[in-house]
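Colleague: build me a structure from this.
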Amino acid sequence: MIESAMNYAAIRSKWLLLSIEDHSEKDKSRTTSHNSFITWLNALGRHQEKSGKSAAWRNQLGDEKENRKRIGDFACFIAYIYGINAR
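Modeller: Here you go, the predicted structure:
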């Protein structure tokens, strides 16, 4: 999940630097990366619930269809924390 978050955050962090043509070219891979992160989040939440642990954090992030931006922000936050801890 962490690698997936970091991959998505890397793509997203460069998004504003891309030309309109590059947006069209890279949009599918960005979406695929985002979807991968969401899949990992869902799997982690299910695993925690099956283990009798709270997955309230997953519910707070919200539904992937309505809260994709929030979920993407969470991926960037994870990458930020890992980047800071790596120093």
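Colleague: how about the helix or strand harbouring residue 79: buried residues?
Modeller: Residue 79 belongs to helix 68-85 when assigned by DSSP states H and E. Across helix 68-85, burial judged by 16 or more other C-beta atoms under 10 Å covers 71, 72, 74, 75, 76, 78, 79. Any C-beta I mention is one placed from the backbone N, CA and C, and that applies to glycine too.
Colleague: nearest residue to the residue nearest the centre of the chain other than its sequence neighbours?
Modeller: When C-alpha atoms, centre = their mean is applied to the chain, the residue found nearest the centroid is residue 75 (3.5 Å). Excluding its sequence neighbours, the residue lying closest to residue 75 (C-beta to C-beta, 6 or more residues apart in numbering) is residue 5, at 4.0 Å.
Colleague: residues touching that neighbour, list them.
Modeller: By C-beta atoms under 8 Å, 6 or more residues apart in numbering, the contact set of residue 5 is 37, 40, 74, 75, 76, 78, 79.
Colleague: count the neighbours of the closest residue in space to the second one that isn't next to it in sequence for me.
Modeller: Nearest residue to residue 40, sequence neighbours excluded (C-beta to C-beta, 6+ apart): residue 1, at 3.7 Å. For residue 1, the tally of surrounding residues (other C-beta atoms under 10 Å) stands at 15.
Colleague: what's the distance between residue 1 and residue 75?
Modeller: 9 Å (C-beta to C-beta, to the nearest Å).
Colleague: who touches both of the two?
Modeller: Joint contacts of residue 1 and residue 75 (C-beta under 8 Å, 6+ apart) are residue 37.
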